[in-house]
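Enquirer: got a predicted model here, sequence first, then my questions.
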Amino acid sequence: MSEDYVLELEHIRKEYPGVVALADVTLQLRRGEILGLIGENGAGKSTLIKCCSGAVIPTSGKIKINGKTFDRMTPQLAAENGIAIIYQEFNNVKELSAAENMFLGRPIRKGVVIDRKAMEEEAAKAFAQLNIKINPRELVKNLSVGYQQMIEIAKAIQQNAQVLIMDEPSAPLTNNEVEAMFKVVELLKSKGVSIIYISHRLEEIFRLSDRIEVIRDGEYVDTLITKDATVDELIHLMVGREMTQKFPPREPCVDYSKVVLELKNVCGNGDVDMSFKIHAGEVLGLGGLVGAGRTELAQVIFGSKPKDSGQIFLNGKEVHPKSPREAIDLGIALVPEDRKRHGALLGVSIKNNINMPTYKRISTASVINSTVEKRTAEKYREEIQIKCPTINQLVKNLSGGNQQKVILGKWLAADSQLIIFDEPTRGIDVGAKYEIYKLINDLVAQGRSVLMISSEMEELTGMSDRIIVLAEGHMTGELTKDQFNADTIMAYASAVADKKEVS
Amino acid sequence: MENKLNAKSFLKSNMIWLVFILEVVFFAVASKGTFVATTNIVNILRQVAYYGIASVGMTFVILIAGIDLSIGSIITLVNMVCAFMMVNMGINMWIAVLASLVVGVLIGLLNGFMVATVGMPALIATFASQTVFEGLAFLITNGRPISGFTKTYPAINLFARWTVAGIPVCALIMVACFAIGSFILNKSYFGRYFYAIGGNEEAAELSGILVNKMKYLIYALSGLFASLAGIVLLSRSGSAQTTVGKGLEFDVITCVVLGGVSVNGGIGRISGVVAGVMIIGSLTNGMILMNVSEYIQMVVKGVVLAVAVGIDCMSKKGKTN
């Protein structure tokens, strides 16, 4: 029976003090198949794969590899049995070469001396197997993220991995790199390697996988054959409720008579000649490829990076935000892309996070008015429905969507008029995405303005009232709602040679 | 389950006081009661006062994941400057004391400049100022101690020798400093800022905190508390010596991290630091009482520092799994 399966997880349960991370999850991986594993954030995907790698010891349940049964894994056991995991963050040493990274911790030696040549040959062989062109001698720091990921994969293959588990492999990659990664994954499959592919991006799951397993709240939900499954069905299984629309409906609420933010020929932080307006109640989408200068533009408006020239007007008055503090006091807010690094203060409570930008306003002679502090936090917890037992909970214990809400709550508390979202739903699951969209709608309905940077075409066209597109630090196009079209946006986004002539 | 958890977390957060009680019992028994005699308790309070005071500033610094190695030198320099002003320049004691506090703040601001504006690692920046100001303290009199000010200005005895209702004034100053520290951390918005910066500097900046300004403030406060500790020490010894503050920063750092302030920043409370100060103070006193040699004392303190930081790091490691 179990000969068909390389890896079987049977009734895996993992309890932490006070929390059940996995209630009962079963997973079967066939030889040479790609199994998509999906579930909302907090569904238990990461814990599950950590059980396979030995980083987490299951409370109960069995792990079967090629028919051999284990109660738990250790990193050594996992490697010996051919299980390899490609994490979102790579375990590489930037100052070492590609080959040295592949043999990190287990170098090929001649006596006590490292045999660099043999390692380079082996690495070259592994790269050739995967049809990837990397010079084994190149230092990893000079390689793009996509190539760094390839090295991780090559390393797994070189160690004879039979099962490759990939955790959100496309997240850090550009579109071209994703394509290259798909090719490698498909190649591996054809060589008989079994792959568990975890991703939030359903289109990737559909494109690559043979079967799809859905888990929700630490429970196994269902496994579907990919070619018989539909997006709606998957979303339904993931969130446990019917999702009729991706984007909540919005009454048009743009007040074109009121310009909130205007940039005139702003240059700086890598961007050149930025000129545009945002109106009250408007969502202005900012499209473009990764590295087009969108985040950089947000940093300039938010005062965290200086501008070299040009003018910024807020409500018709010229402003010069020189620090986030000044921008916040002017009514500008930034919800950054990297939530954990730049957005939320993870080790601090929800209450303190929400009040952080406004502590000075609610203090007299530096003493915080704790009643106001509490009331504000409770107000936004309720208003934007942050799911938490108490406002004293640390933000690191919240799911991604709820962390995003805390960040938004803090800007609402600061009474921000213009809110810049940098990839508002990156790494957030489908159900929570919808809630974030609803919140954005609420913001503009209240007359606030939103500048939304997004690399997801659907999100960009689904949420924006108007879109401007950047390419290599230049504005290359502007589209009104009736002109929204994915192809046009892509054309503008890749319009590098003749910047302004594309139409 | 909830109760069990609460009891566990209560025990965990108050573990340090348990250690303190065990330590007191041990020395009380080992010294056949001398350790807990009133005179010795007053003595301990007098001994811990100066590093208790300095530990408040150090708590802020370590909370933002910084370190201040210069406070030993600040204490020495303050001793020399204050005594020099009184004895060699005939300046009024109160003005001399005030000027000494200003010296501490200025050195703190210089540390702040190196750490925040220049961007030097705190370890190196404050190590540099430690060396510089230790040298300067020596140069004031070419290493000769200054004494004789207690006769001219008997009021200097106020800080360490006078008592109120049997309690040394310096102990009261220490308690006041702890109260101020606790107030800043819990009631004022500065405390919220400190925890935020210690947790994640970049996110704190993007939440509207002027991180660099706060760093100046924190290092200046560290300098201020250190110089106040210096005045207390001057009052206690009755003469200023160029070696008086040497190595004190390590005692203070030990107290702070023993008290549960994480060297990685963002975590810690004044109450824990109070316990840390009491543990180190009793340990030193108890060992002296039992005629333990100075070198063994060093060994013990070093081990305590390593164990305290070790526990902090291990609990951090445990959480990631």
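Expert: Structure's in. What do you need?

Enquirer: need the residues of the stretch 51-200 of chain A near chain B, please.
Expert: A:Ala55, A:Val56 (Cβ under 8 Å from any Cβ of the partner chain). C-beta coordinates here come from the backbone N, C-alpha and C atoms, glycine included.

Enquirer: let me see the mean pLDDT of stretch B:254-271.
Expert: Stretch B:254-271 shows a mean pLDDT of 92.

Enquirer: now stretch A:294-301
Expert: The model assigns stretch A:294-301 a mean pLDDT of 95.

Enquirer: can you check stretch B:120-137 too?
Expert: Taken as a whole, stretch B:120-137 has a mean pLDDT of 96.

Enquirer: please apply the same query to stretch B:20-33.
Expert: The average pLDDT within stretch B:20-33 is 90.

Enquirer: contacts for it, please.
Expert: B:Phe35, B:Val36, B:Ala275, B:Met278, B:Ile279, B:Ser282, B:Leu283, B:Asn285, B:Gly286, B:Leu289, B:Met290 (Cβ atoms under 8 Å, 6 or more residues apart in numbering or on different chains).

Enquirer: what's the local residue count around the nearest residue to the second one once chain neighbours are set aside?
Expert: Just to be clear, that refers to B:Val36. Leaving out its chain neighbours, the residue that sits closest to B:Val36 by Cβ to Cβ, 6 or more residues apart in numbering or on different chains is B:Ala28, at 4.6 Å. By the criterion of other Cβ atoms under 10 Å in any protein chain shown, B:Ala28 has 16 neighbours.

Enquirer: same question, B:Thr39
Expert: Per other Cβ under 10 Å, the neighbour tally for B:Thr39 reads 8.

Enquirer: same question for the host helix or strand of it, mean pLDDT?
Expert: Remark: B:Thr39 resides in helix B:38-63, with elements defined by DSSP states H and E. For helix B:38-63, mean pLDDT is 94.

Enquirer: if you count neighbours, what's buried in it?
Expert: Buried residues in helix B:38-63, defined by neighbour count with 16 or more other Cβ atoms under 10 Å in any protein chain shown: B:40-41, B:43-63.

Enquirer: same thing with stretch A:252-260?
Expert: Neighbour-count burial for stretch A:252-260 flags A:Cys253, A:Val254, A:Val259, A:Val260 (criterion: 16+ other Cβ under 10 Å).

Enquirer: out of these, which comes closest to chain B?
Expert: Among the buried residues of stretch A:252-260, A:Val260 lies closest to chain B (Cβ to the nearest Cβ), at 19.6 Å.

Enquirer: so who does that closest one touch?
Expert: A:Val260 makes contact with A:Ile278, A:His279, A:Ala280, A:Glu282, A:Leu314, A:Asn315, A:Gln417, A:Leu418, A:Ser449, according to Cβ under 8 Å, 6+ apart.

Enquirer: excluding its backbone neighbours, what's nearest it?
Expert: Sequence neighbours aside, A:Ser449 is the residue nearest to A:Val260 in space, at 4.5 Å (criterion: Cβ to Cβ, 6+ apart).

Enquirer: over to that neighbour: give its phi and psi.
Expert: phi -120, psi 150 (degrees, to the nearest 10).

Enquirer: and if you look at A:Pro306?
Expert: Note on A:Pro306: backbone dihedrals following degrees, to the nearest 10 are phi -80, psi 150.

Enquirer: just the pLDDT for the nearest residue to it once chain neighbours are set aside.
Expert: What sits nearest to A:Pro306 in space, not counting adjacent residues and going by Cβ to Cβ, 6+ apart, is A:Gly268, at 6.1 Å. For A:Gly268, the pLDDT comes out at 92.

Enquirer: ok so, going back, wouldn't the residue nearest to A:Val260 be in contact with A:Ile420 here?
Expert: No - taking contacts as Cβ atoms under 8 Å, A:Ser449 lies outside contact range of A:Ile420: 9.5 Å.

Enquirer: could you pull out the strands in the stretch 301-450 of chain A for me?
Expert: All strands of the stretch 301-450 of chain A, identified by DSSP state E, counting those that start in this stretch, fall at A:309-314, A:317-319, A:332-335, A:363-364, A:367-368, A:418-422, A:449-453.

Enquirer: out of the ones you listed, which comes closest to B:Ser182?
Expert: Minimum separation from B:Ser182 across the strands of the stretch 301-450 of chain A (Cβ to Cβ) falls at strand A:367-368, 13.0 Å.

Enquirer: what's the mean pLDDT across that closest one?
Expert: On average, strand A:367-368 scores 94.

Enquirer: can you give the distance of that strand from its chain's centre?
Expert: From the chain centre to the centre of strand A:367-368 is a distance of 37 Å (Cα atoms, centre = their mean, to the nearest Å).

Enquirer: which residues touch A:Ala79?
Expert: Listed by Cβ under 8 Å, 6+ apart, the contact set of A:Ala79 reads A:Gln159.

Enquirer: 10 Å - rerun?
Expert: Neighbouring residues of A:Ala79 by Cβ atoms under 10 Å, 6 or more residues apart in numbering or on different chains: A:Ser53, A:Gly54, A:Met73, A:Arg106, A:Ala156, A:Gln159, A:Asn160, A:Ala161.

Enquirer: next: A:Glu378.
Expert: By Cβ under 10 Å, 6+ apart, A:Glu378 lies in contact with A:Ile350, A:Lys351, A:Ile354, A:Thr390, A:Ile391.

Enquirer: could you flag which of these are buried?
Expert: Buried members of the contacts of A:Glu378, counted by 16+ other Cβ under 10 Å: A:Ile350, A:Lys351, A:Ile354, A:Ile391.

Enquirer: low-confidence stretches in the chain?
Expert: All of this is about chain A. Scanning chain A for pLDDT under 70 picks out A:1-3, A:17-19, A:41-42, A:241-245, A:496-503.

Enquirer: try chain B instead
Expert: Low-confidence segments of chain B (pLDDT under 70): B:1-9, B:11-13, B:316-321.

Enquirer: what's the neighbour count on residue 301?
Expert: Picking chain A for this. A:Ile301 has 24 neighbours, counted by other Cβ under 10 Å.

Enquirer: chain B was what I was after
Expert: Residues within reach of B:Lys301, counting by other Cβ under 10 Å, total 18.
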